[in-house]
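Trainee: what follows is a predicted structure for the sequence shown.
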Amino acid sequence: MKNKTPEELRAIAQKAHATRRRNKEADEQIRQKAILYRDGLYDQINILEKNFEVLQRMELFSKSAMSLTNKTLLSEQEIVESASKWKKATGIYFLIKESKIVYVGQSVHIFSRIASHHDKEFDSFAYIPCDQELLDKLESLYIHVLRPERNGNHADGKKHAPLNLEQILKAAK
């Protein structure tokens, strides 16, 4: 090094300084990755601990459910996977008792409407989706064709429907 010029010595020093800076940056990146990895492991451990607590609680309650009801509890995931999509149902519904339609109705919220029929005896129901603007026509047609016993009668014995038979026939022309 004694035979080097001052410019060569400065260049060597700058190169050494740049190498130390790159090495220091590389070490810092490795340290940061290690911190992220460590923190990620802590996060995963926390998640696993919470899942373990949930499983322990499920096991305890499932055992209780089995002794109380002779049934085990489903997990949240099992319940969610077996769920049906909720969809507002508008249409014509039919209340059925012993394989006979006893009532025809219409609703823009079929399921809540069916649940409100405490006054009618039925053991099952069916419904046909229908656009709201066609409800009166379709319900009237079904009432006049099926003549269900729980739909009201007029004094002349004809079934009460949103549209009488004459209105339906006139609209069909």
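Mentor: Perfect, thanks for sending it.
Trainee: what about the least confident helix or strand in the chain by mean pLDDT, distance to the chain center?
Mentor: Here the helix or strand of the chain ranked lowest by mean pLDDT, DSSP states H and E is helix 165-172, holding a mean of 83. Taking the mean of its C-alpha atoms, helix 165-172 sits 42 Å from the chain's own mean (CA atoms, centre = their mean, to the nearest Å).
Trainee: helices or strands up against it?
Mentor: helix 135-146 (3 or more CB pairs under 8 Å, 6 or more residues apart in numbering; DSSP states H and E). The C-beta positions use only the backbone N, C-alpha and C, and glycine is treated the same way.
Trainee: got the contact list for the helix it packs on?
Mentor: 90-92, 94, 101, 104-106, 108, 128, 130, 151, 159-165, 167-168, 171 (CB atoms under 8 Å, 6 or more residues apart in numbering).
Trainee: circling back: quick check: angle from the least confident helix or strand of the chain to helix 135-146?
Mentor: If you take axes from the mean of the first three to the mean of the last three CA atoms, to 10 degrees, helix 165-172 sits at 120 degrees to helix 135-146.
Trainee: got a list of contacts for helix 165-172?
Mentor: Lys137, Ser140, Leu141, His144, Lys158, Leu163.
Trainee: sorry, back to before: filter the contacts of helix 135-146 down to the buried ones.
Mentor: Among these, those buried by neighbour count (16 or more other CB atoms under 10 Å) are 90-92, 94, 101, 104-106, 130, 151, 159, 161, 163, 168.
Trainee: out of these, which are inside helices?
Mentor: Among the buried ones among the contacts of helix 135-146, the members falling in helices (DSSP state H) are Ile168.
Trainee: widest-spaced pair of the buried ones among the contacts of helix 135-146?
Mentor: Thr90 and Lys159 (22.4 Å; CB to CB).
Trainee: so which elements touch the longest helix anywhere in the chain?
Mentor: In terms of residue count, the longest helix belonging to the chain (DSSP H) is helix 6-69. Packed against helix 6-69, as judged by 3+ CB pairs under 8 Å, 6+ apart, are no other helices or strands.
Trainee: which residues sit against stretch 91-107?
Mentor: Where contact means CB under 8 Å, 6+ apart, the residues beyond stretch 91-107 that reach it are 90, 110, 113-114, 117, 120-130, 135-136, 138-139, 142-143, 146, 148-151, 162.
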